[in-house]
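A.B. asks: quick check, what structure comes out for this input:
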Amino acid sequence: MLSQHLRDLHREFSDWINGRGAPFSVEQALRFERRLRHGIARAALLELGVDPAAFDRAGPDAPPAWPANVALFPADRIIRRKPAPERGQP
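C.D. replies: Numbers count the residues shown, from 1 in each chain. Here you go, the predicted model:
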């Protein structure tokens, strides 16, 4: 499933670069970015040992069906801050 998703993204991106397929538009770029983030999140879940299909089956409003305390945080809400410099350093 994940490999097929990533292959589709690669094919779509290479078509844009090579000038094939539908003309590039802002809507397509946003949809591509959303699909890419989704693929990255699924890959991260697999690395953590969580089955991404459990999230697909449950749906967005369903209660968790997995026996772990897994929470998903959208990437656009995560704020990354630089650590404060130590005293005496610029």
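
A.B. asks: okay, now the unreliable bits of the chain?
C.D. replies: 1, 55-81, 88-90 (pLDDT under 70).

A.B. asks: which SSE is residue 85 in?
C.D. replies: If you go by DSSP states H and E, residue 85 is not part of any helix or strand.

A.B. asks: what's the burial count for it?
C.D. replies: Neighbourhood size, residue 85 [other Cβ atoms under 10 Å]: 8. All C-beta atoms are positioned from the backbone trio N, CA, C, and that covers glycine.

A.B. asks: for it, give me phi and psi.
C.D. replies: Dihedral angles of residue 85 (phi, psi; degrees, to the nearest 10) stand at phi -70, psi 150.

A.B. asks: for it, give its distance to residue 31.
C.D. replies: Using Cβ to Cβ, to the nearest Å, one gets 40 Å for the distance from residue 85 to residue 31.
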